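Engineer: I need the structure of the sequence given here:
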Amino acid sequence: MLKAIPALLLVLCPAFALDATGSLRQALALFNSGKYAESFDLASQCLRQNHENAAALKILGMDQFMLGHPREALAAMTRASELAPSDADAFYYLGRLYFSADNAVAALAAFEKALALDSASVRAHNGLGQTYEALGRRAEAESAYRQAMAIETDQPKPSEWPAYNLGALYLNDGRTDEAIACFRRALQVNPAFPEARVKLAVALSKDHAAPESFELLREVLRADPRNAEAHYRLALLLTKAGKPDEARKHFELFETYRK
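Structural biologist: Below is the predicted model:
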């Protein structure tokens, strides 16, 4: 199963706003503040004035996805990419939408098009890596993640996602030491990244580094007591440590919060 689009991956780049009208700037601001319905209404007004406004269609498509209308979102983003065939962002978002719809073949084509237009796009390389991984092309996925990580070293605001995704790939393949290094790199970029803390705890526990694993998971739960995976992983560690009563409590919390 492919992953849904994280909201943070749908934040538009500054260049998009520079080309937008005042109304579209406002629609974009509403989107970025999580006011998807208001953003949708404003983008729709712009489209009523010009049915072929690619910028408005991009915002509209992302609003529709966040509002739970993936089919309409895909249609809007497809049209945006047709109207603006040199817009790398449009193809990147199109790839994310295909990826979330479990259409890895179409996602691959969209990400490749995005990279043909902008070879320095970290997020497009990252999306390409996820798509290769979904297709079982693990060596190519590793290469794409590494390319994203190499590019972002020169950027003022690097992303934690390529290192995290590469670490998860390594962890699944039993390459524990390499996974640990990737998760630590992701946490250097974003120390508050809970997914990386949980995965690092899992990787460390495979090498019997239990003390740090326990602390990582407890840190996640102090920040978010409802984190189901952290409860589950902590329960497993507690079971191995011979603490069945405490483990049972966290298994119960896992069952509660995963719903």
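
Engineer: Report how many residues lie close to Tyr98.
Structural biologist: By other Cβ atoms under 10 Å, 24 other residues sit near Tyr98. The C-beta positions use only the backbone N, C-alpha and C, and glycine is treated the same way.

Engineer: That one: what's it in contact with?
Structural biologist: Going by Cβ atoms under 8 Å, 6 or more residues apart in numbering, Tyr98 touches 74, 104, 106-107, 110.

Engineer: Out of these, which two sit at the greatest distance?
Structural biologist: The span of the contacts of Tyr98, defined through Cβ to Cβ, is set by Leu74 and Ala104 at 14.4 Å.

Engineer: and the contacts of Tyr98, which of them are in helices?
Structural biologist: Secondary structure from DSSP state H places 74, 104, 106-107, 110 of those in helices.

Engineer: can you pick the most crowded of those?
Structural biologist: Ala110 (27 neighbours).

Engineer: Distance check, it against Met77.
Structural biologist: 9 Å (Cβ to Cβ, to the nearest Å).

Engineer: what is in contact with those two at once?
Structural biologist: The overlap between the contact sets of Ala110 and Met77 (Cβ under 8 Å, 6+ apart) consists of Leu94.

Engineer: Provide a list of residues in contact with Lys243.
Structural biologist: Lys243 neighbours (Cβ under 8 Å, 6+ apart): none.

Engineer: Phi first, then psi, for it.
Structural biologist: Dihedral pair for Lys243: phi -120, psi 70, per degrees, to the nearest 10.

Engineer: What's the first helix or strand after the host helix or strand of Asn126?
Structural biologist: Assigned by DSSP states H and E, Asn126 belongs to helix 122-134. Going down the chain from helix 122-134, the next helix or strand is helix 138-152, by DSSP H and E.

Engineer: For that following helix, name the packing helices and strands.
Structural biologist: Judged by 3 or more Cβ pairs under 8 Å, 6 or more residues apart in numbering; DSSP states H and E, helix 138-152 is in contact with helix 122-134, helix 161-172.

Engineer: how about that helix: buried residues?
Structural biologist: Using 16 or more other Cβ atoms under 10 Å as the test for burial, helix 138-152 gives 140-142, 144-145, 147-149, 151-152.

Engineer: the inter-axis angle of it versus helix 122-134?
Structural biologist: Helix 138-152 runs at 170 degrees relative to helix 122-134, counting by axes from the mean of the first three to the mean of the last three Cα atoms, to 10 degrees.

Engineer: Kindly report the domain assignment for the protein.
Structural biologist: Following automatic domain parsing, the chain resolves into domains at 1-118, 119-198.

Engineer: which stretches of the stretch 151-259 of the chain form helices?
Structural biologist: 161-172, 176-189, 194-206, 210-223, 228-240, 244-257 (DSSP state H, counting those that start in this stretch).

Engineer: JSON lines for those helices, including mean pLDDT and distance to Leu128?
Structural biologist: Formatted as JSON lines, the helices of the stretch 151-259 of the chain follow (pLDDT from 0 to 100; distance: least, Cβ to Cβ, whole Å):
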{"stretch": "helix 161-172", "mean pLDDT": "98", "distance to Leu128": "10"}
{"stretch": "helix 176-189", "mean pLDDT": "96", "distance to Leu128": "17"}
{"stretch": "helix 194-206", "mean pLDDT": "96", "distance to Leu128": "20"}
{"stretch": "helix 210-223", "mean pLDDT": "95", "distance to Leu128": "29"}
{"stretch": "helix 228-240", "mean pLDDT": "96", "distance to Leu128": "26"}
{"stretch": "helix 244-257", "mean pLDDT": "97", "distance to Leu128": "33"}
